[in-house]
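*Asks:* okay, sequence plus prediction incoming.
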Amino acid sequence: MQKLIFYLLLLVPCIGVGQSQWKPLGDLGYTWQIGNVSLIYHDTLTDRLFISGTNRYLGDSIEVNGFGIYNGQSVQPAWEYDTTCINFCKPSGPVIRYQNRLLYAKMEEGAGTKSELLEFDETTQAKTKIADISGGINHLLVWNNKLIVSGRFDTINGQPFNDIARWDGINWQGYGAQEIGKISVATVYQQELYIAGNFNNNALKEIARWDGTQWQNVGNGFEEQAWVDAMCVYKGELYAAGYFFKSSGNAGNFIQKWNGSEWSEVGGGTQTTLGVPNSNAQIHSMLVHHDSLFVSGAFRYAGELPSDRIAVWDGSRWCGHTYTMRNRVTDMVAYGDRLVFAGARVIGNDTVGAIGEIPFKDFVEHCGPPVAVNEVAASQFKLFPNPTAGRLQLEAGHPLVGQPYQIFDGNGRRVKTGVLHNQLELFELENGIYWLSAGTHTHKLVLLR
């Protein structure tokens with residue numbers, strides 16, 4: 001297994017480098033991280049973060065052996081787990097609180113062949129086994145007072161299940177006899193349970209909806225060697241993200257949304273190489289916070305906007321940052337007024353800690369330029385000439401006359417604001433591509449002298 005070093009991501013849209021507020025989580029200090037930080041869980045009851053993966057250390061050489069707890073000031077081992085690991089610890093899995101009990105998944109043998117679901121007593125530090133599982137646990141969800149366990153497994157405590165089961169605190173119950181395959185994530189949309197992943201059941205096409213009796217297709221699902229890593233509900237629609245291409249017949253590249261009847265694209269999706277939509281721009285996690293959708297993964301662009309590894313979608317446009325980052329961002333959680341995440345190992349020329357934080361206000365208050373999600377054709381917008389040497393004309397009587405506008409450069413910096421009149425002058429700007437946002441319209445401008 002390749003050694004990965006996970007570090008803090010720097011994401012400060014539309015402000016200069018000198019104003020950055022990124023830092024290692026809790027100022028833990030920089031360290032050479034051994035293993036992978038894969039999941040972060042925020043236990044809102046105790047306001048602590050549970051950090052899990054194959055990581056042996058966090059912060060300044062704090063040995064956690066797969067599970068660490070951050071209490072707002074320091075990191076401690078969550079419990080005695082795999083004290084024999086040298087470089088990579090046995091994979092630790094998701095954590096959740098259910099019926100005021102703290103539960104977690106523990107991999108007993110390699111590559112998902114056997115795992116356990118355990119309860120951790122925070123007073124006595126005792127661990128109690130709830131279930132032996134013949135496979136791996138990828139996701140835990142609480143819904144309708146049931147714990148929903150999903151992953152890739154055949155049995156729980158010897159009872160047969162097809163990769164997903166629910167537990168009421170005493171008994172286990174399944175979801176029909178249909179074969180499914182690897183489930184990466186589960187969520188609830190319009191009071192129905194949805195699952196997604198990399199299914200063996202080709203008819204379900206990597207995503208399915210439980211109708212109370214059996215699993216049903218969700219539109220056309222996902223086509224051609226696709227898989228889904230993350231789902232969430234945002235502004236009344238179900239967003240699904242992972243690894244898939246529009247050119248294969250999907251609605252979008254690496255992210256698309258479902259309104260209950262059809263799939264649609266999300267702002268042009270993500271890219272690693274601009275102009276090459278089939279490059280590996282996989283999305284690993286999504287988070288809704290302050291009316292914005294945060295996505296993270298391996299991408300370098302959101303739409304056509306430079307946005308290394310993390311981007312923000314507000315329902316009509318992407319927001320980004322201007323920093324160069326290495327390695328993908330694997331997970332994110334909201335922690336007070338901060339975004340806490342794991343993944344990128346180098347920001348610019350700085351090598352930083354295994355897990356980091358950044359204030360949400362650096363995303364929300366300093367949002368980048370809109371992309372071509374709502375872009376209108378030049379013939380409709382009637383702003384000319386374009387390209388321009390610096391002066392543009394807006395057709396008399398156009399409904400946008402008198403509307404406030406903003407202009408952003410290609411790096412997401414707001415460079416000009418005002419109110420639209422029949423004439424717009426850009427002589428103070430350098431040659432390049434800009435985006436004009438006015439009302440619900442976005443228009444690409446080319447300044448060329």
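*Replies:* Ah, there it is.
*Asks:* and E179, helix, strand or coil?
*Replies:* coil (DSSP: H, G, I helix; E, B strand; the rest coil).
*Asks:* doesn't N200 make contact with it?
*Replies:* Yes: using Cβ atoms under 8 Å as the test, E179 is close enough to N200 to be in contact (6.0 Å). In short, each C-beta sits where N, CA and C put it, glycine included.
*Asks:* low-confidence stretches in the stretch 51-200 of the chain?
*Replies:* 54-66, 79-91, 109-112 (pLDDT under 70).
*Asks:* what are the boundaries of the strands in it?
*Replies:* Counting by DSSP state E, counting those that start in this stretch, the stretch 51-200 of the chain has strands at residues 57-58, 62-63, 67-70, 75-77, 92-98, 101-107, 115-120, 127-143, 146-156, 159-160, 164-167, 172-174, 181-189, 192-199.
*Asks:* what pairs with the longest one, parallel or antiparallel?
*Replies:* When you say that, I think you mean strand 127-143. Take DSSP bridges as the rule and strand 127-143 pairs in its sheet with strand 115-120 (antiparallel), strand 146-156 (antiparallel).
*Asks:* got the angle for that strand vs strand 101-107?
*Replies:* Per axes from the mean of the first three to the mean of the last three Cα atoms, to 10 degrees, the angle that strand 127-143 makes with strand 101-107 is 100 degrees.
*Asks:* in strand 127-143, which residues are buried?
*Replies:* 130-131, 133-141 (16 or more other Cβ atoms under 10 Å).
*Asks:* so what's D211 up against?
*Replies:* Residues counted as contacts of D211 (Cβ atoms under 8 Å, 6 or more residues apart in numbering) are E192.
*Asks:* for N217, see how far away it is.
*Replies:* 11 Å (Cβ to Cβ, to the nearest Å).
*Asks:* got any residues that touch both of these two?
*Replies:* With Cβ under 8 Å, 6+ apart, D211 and N217 have no common neighbours.
*Asks:* hmm, K205 and N220 touching each other?
*Replies:* Yes: using Cβ under 8 Å, N220 is in contact with K205, at 6.8 Å.
*Asks:* out of those two, which sits in the more crowded spot?
*Replies:* K205 (20 against 13; other Cβ atoms under 10 Å).
*Asks:* quick revisit: deepest in the core, which of the strands paired with strand 127-143 is it.
*Replies:* strand 146-156 (a mean of 21; mean count of other Cβ atoms under 10 Å).
*Asks:* hmm, V295 and A281 touching each other?
*Replies:* No: applying Cβ under 8 Å, one finds A281 not in contact with V295, separated by 10.4 Å.
*Asks:* which neighbours do those two share?
*Replies:* Contacts common to A281 and V295, judged by Cβ under 8 Å, 6+ apart, are T270.
*Asks:* which one's more surrounded, these two?
*Replies:* Higher neighbour count among A281 and V295: V295, with 28 against 24, using other Cβ under 10 Å.
*Asks:* I figured the more buried one was touching G252, is that so?
*Replies:* No: under the criterion of Cβ under 8 Å, V295 makes no contact with G252, lying 12.0 Å away.
*Asks:* need the contact list for the residue lying closest to L274 once chain neighbours are set aside.
*Replies:* Sequence neighbours aside, Y301 is the residue nearest to L274 in space, at 5.5 Å (criterion: Cβ to Cβ, 6 or more residues apart in numbering). Residues counted as contacts of Y301 (Cβ under 8 Å, 6+ apart) are 270-272, 274, 281, 307.
*Asks:* and these, which are buried?
*Replies:* 270-272, 281, 307.
*Asks:* and those residues, which two are furthest apart?
*Replies:* The two members of the buried ones among the contacts of Y301 with the most space between them (Cβ to Cβ) are T272 and S307, at 11.4 Å.
*Asks:* shared neighbours of these two, anything?
*Replies:* In contact with both T272 and S307: 299-301, using Cβ under 8 Å, 6+ apart.
*Asks:* so who does F254 touch?
*Replies:* Contacts of F254 (Cβ under 8 Å, 6+ apart): 241-245, 269-270, 281-283, 297, 299.
*Asks:* and the gap between it and V95?
*Replies:* F254 is 27 Å from V95, by Cβ to Cβ.
*Asks:* wait, which of the strands of the stretch 51-200 of the chain is closest to L339?
*Replies:* Of all the strands of the stretch 51-200 of the chain, strand 67-70 comes closest under Cβ to Cβ, at 14.0 Å.
*Asks:* centre of the chain to the closest one, how far?
*Replies:* Here the centre of strand 67-70 is set off from its chain's centre by 21 Å, with Cα atoms, centre = their mean, to the nearest Å.
*Asks:* and stretch 234-241, by the same measure?
*Replies:* Going by Cα atoms, centre = their mean, where stretch 234-241 is centred and where its chain is centred differ by 12 Å.
*Asks:* report the buried residues of that stretch.
*Replies:* Of the residues in stretch 234-241, those buried (16+ other Cβ under 10 Å) are 234, 237-241.
*Asks:* repeat for stretch 425-435
*Replies:* 426, 434-435.
*Asks:* end-to-end on that stretch?
*Replies:* 14 Å (Cα to Cα, to the nearest Å).
*Asks:* what does it contact?
*Replies:* Contacts of stretch 425-435 (Cβ under 8 Å, 6+ apart): 369-371, 388, 390-392, 407-410, 415-416, 442-449.
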